[in-house]
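**Q** Here is my input; please provide its structure:
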Amino acid sequence: MSLVRLNIKGISYSQTQNGAYALILSEVEGDRKLPIVIGAFEAQSIAIALEKEIKPPRPLTHDLFKNFADRFDIQIKQVIIHKLVDGVFYSSIICERESSEEIIDARTSDAISLALRFDAPIFTYKNILEKAGIYLKGSEADTSPEDDVLVDQLVVDDPEEESTASSDYKKLSLSELNSLLEQAVAAEDYEAAAKIRDEISKRN
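**A** You can find the predicted model right below:
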C-alpha cells in the first residue's frame, strides 16, 4: 500500500464532542483533508509545538519525551497513521537508535505531537485517506452534501468571537500586550497567548 504524506492544516473546536478538538490533516499533493477528534490536552500540546515562539515555563509531557529521547540519542524518523477502526485512528512511531529501527504503537494525537517536535514527516495509507478523507469548504474540488455535514460538525470557527477578542487587544498598548502575553503563558492559556502574539506582530 502506498503512503501519502500529510501536513497539519489546523486545529478547531469540535461541536460534536464537548471539550474535544478537531485536528485537520491535509494531504501534501491533493485536496483531501483528514479530520481527527482529539482531547483538549493533546490539542494544546500540538498547538504549542506549532507556535514556535511560545515556550511553556515547564516541559509538557511531549517535551519531556523529546528531552529524554535526545539524551539517549533516539530519533523519530516518521509517523504513520496505519489503521482506522470504528472511527479510531491507530498510529505507529518509527524510531531509530544506533542504526536500529523500532516501531512503537501510539495514539495518533501523541504521535503527531512528537512528530512536530522531531520535525518528522507524517504519513497515512492511501486506502485510509480514501475512506476517511474529506474536502473542506473552500476547496477547489467538488464536495458532496455528506462532506459538508461532516465539516460543519468537526470544524467550528466563530468569526464573531474571534473579531471581539482581536478588537479588545487592539485597544491595548504594546507594553500592556507584552504583559498580557507573559500572564497568558504563565497561566498556560496558549490560545490567548497566540492571539496576543499575533496582535504584537502586527504592530512590529
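**Q** can you pull out the strands in the chain?
**A** Ranges of strands in the chain, per DSSP state E, are 3-13, 20-27, 33-39, 75-85, 88-97, 100-107, 122-125.
**Q** And the pLDDT for Ile103?
**A** In this model, Ile103 is scored at 96, pLDDT.
**Q** again with Ser99
**A** 90.
**Q** contacting residues for it?
**A** Listed by CB atoms under 8 Å, 6 or more residues apart in numbering, Ser99 has no contact partners. In short, each C-beta sits where N, CA and C put it, glycine included.
**Q** How about Lys55?
**A** Each residue near Lys55 by CB under 8 Å, 6+ apart is listed here: Val185.
**Q** and the strands of the chain as CSV, adding distance to Gly133 and mean neighbour count?
**A** Below are the strands of the chain laid out as CSV (distance: least, CB to CB, whole Å; neighbours: other CB atoms under 10 Å):
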stretch, distance to Gly133, mean neighbour count
strand 3-13, 9, 17
strand 20-27, 7, 21
strand 33-39, 5, 21
strand 75-85, 11, 18
strand 88-97, 12, 18
strand 100-107, 20, 12
strand 122-125, 9, 22
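**Q** Which one of those lies nearest to Ala192?
**A** strand 3-13 (14.3 Å; CB to CB).
**Q** name the helices or strands packed onto the closest one?
**A** When contacts are defined as 3 or more CB pairs under 8 Å, 6 or more residues apart in numbering; DSSP states H and E, strand 3-13 packs onto strand 20-27, strand 33-39, helix 40-50, strand 122-125, helix 126-132.
**Q** and of the ones you listed, who's closest to His82?
**A** Of all the helices and strands packed on strand 3-13, strand 122-125 sits nearest to His82, with 6.4 Å by CB to CB.
**Q** Tell me the strands beside the closest one, with direction?
**A** strand 3-13 (antiparallel), strand 75-85 (parallel) (DSSP bridges).
**Q** relative to strand 33-39, how tilted is the first one?
**A** Interaxial angle, strand 3-13 versus strand 33-39 (axes from the mean of the first three to the mean of the last three CA atoms, to 10 degrees): 50 degrees.
**Q** try the last one
**A** Angle of strand 75-85 versus strand 33-39, following the same axes, to 10 degrees, is 90 degrees.
**Q** Kindly report the domain assignment for the chain.
**A** Following automatic domain parsing, the chain resolves into domains at 3-154, 159-203.
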